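Chemist: I'll drop the sequence and a predicted model, then ask my questions.
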Amino acid sequence: MPPGPLLTIAAGDLSVDIAPQAGGRIAQIRCDGIEQLLGHGEHDATTAIGWGCYPMVPWCGRIRHGQFAFRGRRHLLPANLGGHAIHGVGFLMPWDVVEHSATHGSLELPMPTDGRWPFGGIAGQRIGIEGRALVLVLSVTAVEQAMPASIGWHPWFRKPERLEFHPQAMYPRDAEGIAVRPAGQVRPGPWDDCFVNDREVVLHRQGQRLRIASECRDWVVYDGSAHATCVEPQTAPPDAFNLPPELVLHPGETLSARCTLRWD
């Protein structure tokens with residue numbers, strides 16, 4: 001998935017390239033001229049899942065075998081990674097630009113009502129610069145029918161020299177590599193795991209400190225790549241549709257989350 005036409009916002013030392021046609025993702029962030037994200041085509045990062053910073057909506061991480069039950073009915077989603085359905089539909093679809101200024105952009109996505117996602121709904125995001133901070137707001141709204149939902153962000157940060165991360169707990173993974181409850185002891189990395197965390201995460205790279213904060217309490221960290229580290233705040237753990245309690249958005253209800261990236 002190439003970036004397509006870019007929408008650029010900028011203020012002071014911070015600039016952001018948004019790729020509406022490539023899943024509504026952020027294609028690149030530059031602070032003090034230093035690129036922050038793994039870009040399209042770098043280190044073979046050409047698949048939709050492997051570059052930039054994209055919204056995960058209407059679910060985060062893997063849905064086991066693409067299957068889940070909602071209100072007593074079984075649903076099957078297309079498998080797109082290792083036999084599982086991963087990261088929702090938003091990162092694979094073009095988003096509409098509904099507002100654009102020098103320092104922010106707002107995007108919207110009417111979600112499908114077919115085999116990719118049978119419930120419909122509308123996703124929205126706002127990407128805005130405030131000083132030396134990038135503020136991200138992501139939402140999903142149920143429209144004509146109730147649906148399950150979880151949301152979050154999947155940034156591919158260029159490999160930091162050091163990661164400050166102090167979660168309270170860690171979800172164990174089963175034989176299929178999928179997080180299960182209950183969360184327990186934090187094990188040493190390298191990680192491709194989900195954690196319970198309510199503290200900011202700090203990445204150190206090229207003399208910069210990037211502080212990531214969110215009210216989300218479930219965070220996935222993937223640091224198994226030599227070129228990038230993913231730090232993913234999200235509203236629920238992977239496979240949440242198969243974990244209690246059942247997640248439900250009723251028609252007219254909105255689930256939203258906020259994430260702030262701030263450079264010292």
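Modeler: Right, received. Where do you want to start? Numbering: from 1, shown residues only.
Chemist: so where's the stretch 151-264 of the chain uncertain?
Modeler: For the stretch 151-264 of the chain, applying pLDDT under 70 flags no range at all.
Chemist: roughly how far apart are the nearest residue to residue 264 once chain neighbours are set aside and residue 29?
Modeler: Using CB to CB, 6 or more residues apart in numbering and skipping the chain neighbours, the partner closest in space to residue 264 is residue 209 (4.1 Å). Any C-beta I mention is one placed from the backbone N, CA and C, and that applies to glycine too. Using CB to CB, to the nearest Å, residue 209 is found at 15 Å from residue 29.
Chemist: With neighbour numbers in mind, choose between those two.
Modeler: For residue 209 versus residue 29, the count of surrounding residues by other CB atoms under 10 Å is larger for residue 29: 24 against 14.
Chemist: all strands of the stretch 1-150 of the chain, in order?
Modeler: Using DSSP state E, counting those that start in this stretch, the strands assigned to the stretch 1-150 of the chain run over residues 7-11, 14-19, 25-31, 34-35, 53-56, 62-63, 67-70, 73-76, 85-86, 96-100, 104-110, 122-130, 133-141.
Chemist: In contact with residue 154, which residues?
Modeler: Shown in contact with residue 154 (CB atoms under 8 Å, 6 or more residues apart in numbering): 53, 54, 55, 56, 87, 91, 230, 232.
Chemist: would it count as being in a strand?
Modeler: Yes - Residue 154 sits within a strand when classified using DSSP: H, G, I helix; E, B strand; the rest coil.
Chemist: ok, so what distance separates residue 194 from residue 136?
Modeler: 19 Å.
Chemist: Which of the two has more residues huddled nearby?
Modeler: More neighbours surround residue 194 than the other of residue 194 and residue 136, with 29 against 20 (other CB under 10 Å).
Chemist: what residues are up against the more buried one?
Modeler: With CB under 8 Å, 6+ apart, residue 194 has these contacts: 61, 170, 171, 179, 218, 219, 220, 237, 238.
Chemist: what pairs with the fifth one across the strands?
Modeler: So the one you mean is residue 218. residue 196, residue 234 (DSSP bridges).
Chemist: Now do it: how many residues are near it, please.
Modeler: Neighbour tally, residue 218, other CB under 10 Å: 25.
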